[in-house]
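Colleague: here you go, sequence then predicted model.
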Amino acid sequence: MIAAAPVERIATPAIDWIAMAPELALVGAAAVIVMLKAILRRRRLYTPSLAVAGVGLAVAGAFLGVQWNRVDDHGPYQAIAGMVAIDGFAVFLGAVVLIATFLALLMSVRYVPTVRLDGPEYVALLLFSATGMLTMASANDLIVVFLSLEILSLPLYMLSAFDRRRDRSLEAGLKYFLLGAFSSAIFLYGIALVYGATGSTGLVDIAGFLASTTLLHEGTFLVGLVLILVGLGFKIAAVPFHTWTPDVYEGAPTPITAFMASATKAAGFAGLLRVLFTAFSSYHVEWQPAIFALAALSLVLGAGAAIVQRDVKRMLAYSSITHAGYVLIGLQAATERGLSASLFYLLVYTFMVVGSFAVVSLVTAPGDDDHDLDRYRGLAARQPVLAGVFAFLLFAQAGVPFTGGFVAKLAVFSAAADAHSYAMLLVGVLAAAVAAYFYLRVVVLMFMTEPGEKSPTARIRVDVASGLVLLGTVGVTLFLGFVPGSFLHFARDATLLF
């Protein structure tokens with residue numbers, strides 16, 4: 001009898017459950033909501049769904065705190081065969097994503113019943129998308145970055161088209177899906193080329209290979225790097241990969257627009273910053289000109305196009321493109337100071353943009369279709385507090401002193417000056433001057449003009465959840481303008497793995 005050959009045991013990576021805990025908390029909450037919807041079909045489950053989502057976000061936040069304590073005590077580390085990096089960078093941007101998700105859910109408390117959307121599905125999709133964003137913040141491998149992009153994108157495609165009664169919402173979802181599919185394919189092809197040139201998809205392994213090896217034929221690697229920049233440039237809405245942004249921001253439900261403008265942008269920059277600073281740091285001379293071009297184009301086109309917009313959501317969409325340019329200024333510096341400035345800018349921008357869209361959600365006509373500037377004429381005469389909140393948030397985005405926006409812009413400009421990138425600094429300052437005009441135009445309409453035909457005649461009721469969003473975003477933006485020190489230190493501590 002012939003003895004059977006012993007079967008070799010397949011080696012599997014050790015699973016660090018703490019490293020995956022924030023993502024598992026959100027997935028678990030979303031799964032509970034889906035199961036409740038499937039089992040209790042005829043019951044109203046929107047309020048319970050919000051409660052489950054709140055618990056999931058709180059648990060995820062608690063586990064992020066545990067991760068931060070680990071990093072603070074023992075330093076950054078890799079988990080799951082080096083596919084995941086737990087460091088200050090991951091915790092910082094994970095916190096930004098959770099904050100943006102929580103604020104978007106608060107905005108949705110009033111919005112979803114008003115436009116009669118399916119609440120449990122809406123909340124579950126939002127949590128699934130946030131899970132992909134958390135994974136993106138800690139991704140330490142190009143394959144994990146790609147999977148994170150898909151996990152965060154697929155629910156967003158559906159959420160953009162979630163209001164099926166509105167043609168603009170359906171159009172927004174279709175456009176976002178088609179362009180997102182192309183960008184994902186381009187990004188994946190870039191990964192394949194980088195793998196072919198370096199023999200690895202791990203960010204740390206790629207960095208080690210590039211630092212110790214001279215590439216005789218750099219063409220394959222550089223083309224792969226460019227394609228990866230294109231794929232991630234789509235997610236951060238940088239010019240010339242921005243074409244989807246105005247239409248999708250306008251057509252998507254307003255809380256989802258706020259979620260995309262804040263959390264999705266933070267996740268996109270999480271992938272871009274980690275890939276460039278970890279894997280391709282030794283090639284910063286090659287990618288810095290590309291980042292310079294993306295930043296300059298985003299600043300110039302975003303500020304210029306926002307001036308001619310009559311729709312407030314489209315104006316804020318082009319404003320979002322401009323703010324992506326400011327974050328890219330810090331990235332273009334290619335220094336640790338530039339990285340921390342970009343992270344701080346993302347944190348401040350999250351509060352400014354979510355608060356702005358919260359006001360838009362309250363002022364807009366029933367049905368979420370009419371966002372014309374004329375609706376804001378004379379708003380201060382009827383609702384001075386709401387107009388004052390919107391004016392403050394717009395001034396903060398313009399970079400007026402004593403606001404978080406001013407400190408954030410000063411941080412990225414200082415990083416550019418410290419890196420002797422004076423041309424980038426000049427473009428940023430000029431774009432800020434142009435942007436101040438279209439922010440000021442809205443303020444003038446609210447405070448210095450009479451109500452027009454489209455101005456709301458009835459008093460706008462601010463519900464408790466929306467009031468909390470406005471109070472929180474204004475309070476944090478003001479606090480960061482006066483006492484930014486602790487948050488700036490947090491951003492400086494959010495260093496990459498290597």
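Modeller: Sure thing, it's come through. Numbers count the residues shown, from 1 in each chain.
Colleague: how near is the residue most central in space within the chain to residue 285?
Modeller: In the chain, the residue lying closest to the centroid (CA atoms, centre = their mean) is residue 265, at 2.4 Å. Separation of residue 265 from residue 285 (CB to CB, to the nearest Å): 27 Å. (Each C-beta comes from the backbone N, C-alpha and C, glycine too.)
Colleague: chain center to stretch 262-269: distance?
Modeller: 2 Å (CA atoms, centre = their mean, to the nearest Å).
Colleague: sorry, slip of the keys, the one I care about is stretch 400-420.
Modeller: 20 Å.
Colleague: neighbouring contacts of stretch 254-262?
Modeller: 96, 100-101, 103-105, 107-108, 111, 126, 129, 156, 159-160, 162, 248-250, 252, 313, 316-317, 320, 349-350, 353-354, 357-358, 360-361, 364, 368 (CB atoms under 8 Å, 6 or more residues apart in numbering).
Colleague: average pLDDT for it?
Modeller: For stretch 254-262, the mean pLDDT works out to 93.
Colleague: ok, now stretch 465-481?
Modeller: 93.
Colleague: stretch 182-195 too?
Modeller: 93.
Colleague: same question, stretch 371-381
Modeller: Stretch 371-381 comes out at a mean pLDDT of 85.
Colleague: buried ones in that stretch, by neighbour count?
Modeller: Buried residues in stretch 371-381, counting neighbours by 16 or more other CB atoms under 10 Å, are found at 371, 373, 375-380.
Colleague: and what of stretch 147-164?
Modeller: So, applying 16+ other CB under 10 Å, buried residues of stretch 147-164: 147-149, 151-163.
Colleague: pull the residues that contact it.
Modeller: 115, 117-118, 122, 125-126, 128-133, 135-136, 139, 169-170, 172-174, 176-177, 180, 184, 187, 231, 235, 248, 251-253, 256, 259-260, 264, 267, 271, 368.
Colleague: repeat the analysis, applying 7 Å as the threshold.
Modeller: Contact with stretch 147-164 is made by 115, 117, 122, 125-126, 128-129, 131-133, 135-136, 139, 169-170, 172-174, 176-177, 180, 184, 187, 235, 248, 251-253, 256, 260, 264, 267, 368, as judged by CB atoms under 7 Å, 6 or more residues apart in numbering.
Colleague: among those, which are in helices?
Modeller: 115, 122, 125-126, 128-129, 131-133, 135-136, 169-170, 172-174, 176-177, 180, 184, 187, 235, 248, 251, 256, 267 (DSSP state H).
Colleague: ok, the nearest residue to residue 493 once chain neighbours are set aside - contacts?
Modeller: Leaving aside its chain neighbours, residue 493 sits nearest to residue 88 (4.9 Å; criterion: CB to CB, 6 or more residues apart in numbering). Contact partners of residue 88, counting by CB under 7 Å, 6+ apart, are 71, 76, 493-495.
Colleague: by neighbour count, which of those residues wins?
Modeller: Highest neighbour count within these: residue 494, with 23 neighbours (other CB atoms under 10 Å).
Colleague: where does pLDDT dip in this structure?
Modeller: 1-8, 42, 365, 452-458, 495-498 (pLDDT under 70).
Colleague: where do the strands of it begin and end?
Modeller: 77-79, 84-86 (DSSP state E).
Colleague: wait, which of those strands is closest to residue 194?
Modeller: strand 84-86 (17.8 Å; CB to CB).
Colleague: what comes up buried for that closest one?
Modeller: Quick answer for strand 84-86 (16+ other CB under 10 Å): 84-86.
Colleague: what does it contact?
Modeller: So strand 84-86 is contacted by 19, 67, 70-71, 76-79, 138, 140, 497 (CB under 7 Å, 6+ apart).
Colleague: which of these sit farthest apart?
Modeller: So, the contacts of strand 84-86 by CB to CB: farthest apart are 70 and 140, at 15.8 Å.
Colleague: those two: who's more crowded?
Modeller: Taking neighbours as other CB under 10 Å, residue 70 and residue 140 compare with residue 140 leading, 27 against 18.
Colleague: look up phi and psi at the more buried one.
Modeller: phi -120, psi 20 (degrees, to the nearest 10).
Colleague: need the strands of the chain in TSV with distance to residue 423, can you?
Modeller: Listed next are those as TSV, based on distance: least, CB to CB, whole Å:
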stretch	distance to residue 423
strand 77-79	37
strand 84-86	33
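Colleague: closest to residue 480 out of those strands?
Modeller: The nearest among those, by CB to CB, is strand 84-86 at 26.0 Å.
Colleague: how about residue 401, phi and psi?
Modeller: According to degrees, to the nearest 10, residue 401 has phi -60, psi 160.
Colleague: give me the number of residues near it?
Modeller: Using other CB under 10 Å: residue 401 sits among 10 other residues.
Colleague: apart from its neighbours in sequence, what residue is nearest it?
Modeller: Going by CB to CB, 6+ apart, residue 401 has residue 481 as its nearest residue, at 7.5 Å.
Colleague: the one you found against residue 408, yeah?
Modeller: No - counting by CB atoms under 7 Å, residue 481 stays clear of residue 408, with 9.5 Å between them.
Colleague: what's stretch 360-380 in contact with?
Modeller: 107, 111, 115, 163, 166, 168, 253-255, 310-313, 386-387, 442, 445-447, 449-456, 460, 462, 466.
Colleague: what subset of those is buried?
Modeller: So, by 16+ other CB under 10 Å, the buried ones in the contacts of stretch 360-380 are 107, 111, 115, 163, 166, 168, 253-255, 312-313, 386-387, 442, 445-447, 449, 451, 455-456, 462, 466.
Colleague: what about these, which are in helices?
Modeller: Going by DSSP H, the helices hold 107, 111, 115, 168, 254-255, 312-313, 386-387, 442, 445-447, 466 from the buried ones among the contacts of stretch 360-380.
Colleague: which among those residues gets closest to residue 208?
Modeller: residue 255 (43.0 Å).
Colleague: in contact with the closest residue to that closest one other than its chain neighbours: list those residues for me.
Modeller: Spatial nearest neighbour of residue 255, chain neighbours left out: residue 107 (4.0 Å); criterion: CB to CB, 6+ apart. Contacts for residue 107 (CB under 7 Å, 6+ apart) come out as 255, 258, 358, 361, 466, 469.
Colleague: tabulate the contacts of strand 84-86 in a markdown table, adding columns for distance to residue 211.
Modeller: Formatted as a markdown table, these follow (distance: CB to CB, whole Å):
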| residue | distance to residue 211 |
| --- | --- |
| 19 | 26 |
| 67 | 28 |
| 70 | 27 |
| 71 | 24 |
| 76 | 19 |
| 77 | 21 |
| 78 | 17 |
| 79 | 23 |
| 138 | 23 |
| 140 | 17 |
| 497 | 15 |
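Colleague: okay, residue 481 and residue 408: which has more neighbours?
Modeller: Applying other CB under 10 Å to residue 481 and residue 408 shows that residue 408 carries more neighbours, namely 33 against 19.
Colleague: was I right to think the more buried one contacts residue 346?
Modeller: No - checked against CB under 7 Å, the pair residue 408 and residue 346 is beyond contact range at 8.7 Å.
Colleague: tell me, what's touching these two both at once?
Modeller: With the criterion set as CB under 7 Å, 6+ apart, the contacts of residue 408 and residue 346 do not overlap.
Colleague: which residues are contacting stretch 292-303?
Modeller: 233, 238-240, 318-319, 321-322, 324-325, 328-329, 332, 424, 427-428, 431, 434-435.
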